[in-house]
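In: Provided below for reference: sequence and predicted model.
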Amino acid sequence: MLSSTSLSIGYHQPLASGLNLQLRPAELVCLIGPNGAGKSTLLRTLAGMQSPLKGSVKIDEVDLHSMPALELAKQLAIVLTGRIEAGNLSAYALVTLGRHPYTDWRGNLTPRDEEAVQHAMRLTGSDVLASRPIHELSDGERQRVMIARALAQEPKILLLDEPTAFLDLPRRVELLQLLKRLSRDTNCAILLSTHDLDLALRIADKLWLLSSHGELHIGLPEELALNGSLARIFHSEGIEFDHASGAFKVHQPTCGPISLHGDKDGVATAWTWRALERIGYEVHDNGARHPVHVDVLDSGHWLLTTPKGKSEHTTLESLIETLSSKST
Amino acid sequence: MPTSFPKLGLRTWIVVLLIVILAVAFILSLTLGSVHIPPEQVLRILTGGEPDKASWTDVIFKFRLPKAVTAMFVGAALAVSGLQMQTLFRNPLADPFILGVSSGASLGVALVVLGTGAGGVSAYITGLNVFGDLSLAVAASLGAGSVLGAVLIVSRRVQNTITLLILGLMFGYLTNAVVSLLIYFSQPERVQAFSLWAAGSFGGVTWNQMRVFSPVILSGLVISYVMIKPLNALLLGDEYARSLGLNVRRARFWIILSASLLAGVSTAFCGPVWFVGVAVPHVARSLLNTADHRALLPASMLMGSSFALVADVIAQSPGSQYVLPLNVIMSLFGVPIILWVILRQKQLRQSFAS
């Protein structure tokens, strides 16, 4: 277990202080916060790559910053942000580098080392990439290989600095699912920093929410949303977070209120809601009828009622076009 | 388990192939020269037999054998040194001299050849074999050694490897300026003696000098061999290397020590021999298609030796009395080969971009 007591992080000025953190086995924690809040600094300090200004970090009651480097390498592994470029290196050869703390002076792999490497590659689904050169891999594949390399160290703690940064949305979801599964399968404590609040809220066991003023809020994702911590922190960054939908409010209403009455399963209603918000309406579905009203019909049609009359639409596009032309 | 995992390390048949090539190059360099001595005669002389012409024994033992041994040592030394520098700095253009070791050596030599008063200097100029004189080697060693010392002291202090690179480059410019200044104020024949040294030659190392030369090269190679594992850890950069438990500062110290010893001693005895150090590691990487130093280091060593031997044979322009400058030959014949190998692979950028 990784823990810190009254930890201060930063270079000369503390970015955050008085941090009492705990990272438990088989736990997936997402570190969220705006740029410049010190996410990387916190990760680097917890990884022993940077000294704390005050306080200490411990792994199972042993001070991390005074632990011999080789000992630490067997307990804690990292995946850094940024692309790794090491040409002429196969994925397999790269993952074997993770055995460095265990191998002899020449770096020769024992059968036990090879087993650990192959196990790590299978766990991350990168075994099929084994003989491919690193520079031919896609960003998502490369990230899997880098995680396999870290796992080959057989760490108790895995720290990842923005592992999803270069990935497209499906890859991001996949990667977070992979990390979640790894935390269960390997009993490893996993901490990652990310900008993907939506994904983090859905997948993390715990959130560490670091504000640009150096406050750290820790809790279940849902709890931080419920008690308003998320909204508060992002409000101070100038973004509105909506408790109810668990997402950022992107649109400022400019067209006044509209009421919406939905179909049975609600999917069409949800997307209609988004479309209306996007073009600037303040959407209500609390039953009250506003002068401008939309009914989502079960047949997949939309019925628009305005003070000027009614119209039926077979596509969302025609509904939105009618509303946009009305408002201009 | 359906997936197959590749085997790593150096394959035996490659080692055998490289050793065969080296052996052929070695015999070739003893056979060819101003006089042609047939290979079977060379073998007879080496095994202690009597050749057809008695004078051939002298040619082999006094000239060709020390030259060939020197070429093998220097080729191996510079290739290994270049490989270490390229990995340490993660830069394809890094060569053994990048930290200014050869600049230091040439400053030492320039000060002796160009800078000293009239007196003893004429000896260097009039003597046909400029390199035979030990004082040049001493001057070059002192120059290279003091740069090496300075670099090692700095390397223990700075965190960032690139800082070292910039310091080395700056030092190179500085010594070039001083050497140019010395050349500007020197007599033409001294300048010629200096440029003769700067052209590089394997021919100047006598058996006596070999007693100093070879142990230093060997110890440099031994250190480089011990640093194989740290070099591999450094492939992903300093931060990952540190996270793997490597003491990066200490590893860097020993890598620089080994690389600079190899480059410094080579330069001191043979002049600055360009090209081997930057090219051979690339060829090894391309042909072996690996970045694993367990394979690259021995392969570079063997390939560097062969390359130096062949270049030297060509520089002797067999059958004639002319001896061409070694560095000229290296570039003229080496560049096309290396371009072919590297362009064929198209991986240079990926090998180093960071």
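Out: Structure received.
In: separation between the closest residue to residue B:227 other than its chain neighbours and chain A?
Out: The shortest distance from residue B:227 to any non-neighbouring residue, by Cβ to Cβ, 6 or more residues apart in numbering or on different chains, is to residue B:255 (5.2 Å). Where C-beta positions appear, they are placed from N, C-alpha and C, glycine not excepted. Residue B:255 sits 15 Å away from chain A, going by Cβ to the nearest Cβ, to the nearest Å.
In: What are the buried residues along the helix or strand containing residue B:173?
Out: Take DSSP states H and E as the rule and residue B:173 turns out to sit in helix B:161-184. Residues of helix B:161-184 classed as buried by neighbour count (16 or more other Cβ atoms under 10 Å in any protein chain shown): B:161, B:164, B:165, B:167, B:168, B:171, B:172, B:175, B:178, B:179, B:182, B:183.
In: Reformat those residues as a markdown table; add pLDDT and distance to residue B:100.
Out: Below are the buried residues of helix B:161-184 laid out as a markdown table (pLDDT from 0 to 100; distance: Cβ to Cβ, whole Å):
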| residue | pLDDT | distance to residue B:100 |
| --- | --- | --- |
| B:161 | 77 | 15 |
| B:164 | 83 | 10 |
| B:165 | 83 | 10 |
| B:167 | 84 | 8 |
| B:168 | 83 | 5 |
| B:171 | 84 | 4 |
| B:172 | 85 | 5 |
| B:175 | 87 | 7 |
| B:178 | 90 | 12 |
| B:179 | 88 | 13 |
| B:182 | 88 | 17 |
| B:183 | 87 | 19 |
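In: so how far is chain A from residue B:249?
Out: Separation of residue B:249 from chain A (Cβ to the nearest Cβ) stands at 11 Å.
In: What segments of the stretch 201-328 of chain A are helices?
Out: A:221-226, A:229-236, A:267-278, A:316-327 (DSSP state H, counting those that start in this stretch).
In: Pull the contacting residues for the nearest residue to residue B:73 once chain neighbours are set aside.
Out: Excluding the flanking residues, the one nearest residue B:73 by Cβ to Cβ, 6+ apart is residue B:217, at 4.8 Å. Residues near residue B:217 by Cβ atoms under 8 Å, 6 or more residues apart in numbering or on different chains: B:73, B:74, B:76, B:77, B:261, B:262, B:265, B:266.
In: for chain B, which spans come out with low pLDDT?
Out: B:1-3, B:115-134, B:345-354 (pLDDT under 70).
In: Point to the residue nearest the middle of it.
Out: Geometric centre of chain B, nearest residue: residue B:78, 2.5 Å, by Cα atoms, centre = their mean.
In: Within the helices and strands, which one has that one?
Out: helix B:65-89.
In: Enumerate the positions of that helix that are buried.
Out: Buried, per 16+ other Cβ under 10 Å, within helix B:65-89: B:65-89.
In: Stretch A:106-119 now?
Out: Buried residues in stretch A:106-119, counted by 16+ other Cβ under 10 Å: A:107, A:109, A:113, A:116, A:117, A:118, A:119.
In: coming back round to it: in terms of mean pLDDT, which of the helices of the stretch 201-328 of chain A ranks lowest?
Out: The minimum mean pLDDT among the helices of the stretch 201-328 of chain A belongs to helix A:229-236 (a mean of 80).
In: contact partners of it?
Out: Residues outside helix A:229-236 that contact it (Cβ under 8 Å, 6+ apart): A:33, A:197, A:209, A:211-213, A:215, A:217, A:219, A:224-225, A:240-243, A:248.
In: Need the max-distance pair from the residues you listed.
Out: Farthest pair in the contacts of helix A:229-236 (Cβ to Cβ) is A:213 and A:242. Separation: 22.4 Å.
In: the more surrounded of the two?
Out: A count of neighbours by other Cβ atoms under 10 Å in any protein chain shown puts residue A:242 above the other of residue A:213 and residue A:242, at 13 against 10.
In: Per-residue pLDDT of the residue in the stretch 151-300 of chain A that chain B sits nearest to, please?
Out: Nearest residue of the stretch 151-300 of chain A to chain B (Cβ to the nearest Cβ) works out as residue A:153 at 7.4 Å. pLDDT recorded at residue A:153 is 96.
In: Who are the contact partners of it?
Out: Neighbouring residues of residue A:153 by Cβ under 8 Å, 6+ apart: A:73, A:74, A:77, A:98, A:99, A:100, A:101, B:244.
In: For chain A, state which of the contacts of residue B:217 is nearest.
Out: Of the contacts of residue B:217, the one sitting nearest to chain A (Cβ to the nearest Cβ) turns out to be residue B:76, at 18.9 Å.
In: Verify the stated contact: the closest one with residue B:306.
Out: No - here residue B:76 lies out of contact with residue B:306, judged by Cβ atoms under 8 Å, at a distance of 9.5 Å.
In: What helix or strand is the residue of the stretch 101-250 of chain B found nearest chain A located in?
Out: For the stretch 101-250 of chain B and chain A, the shortest gap (Cβ to the nearest Cβ) falls at residue B:245, measuring 3.4 Å. Using DSSP H and E, residue B:245 sits in no helix or strand.
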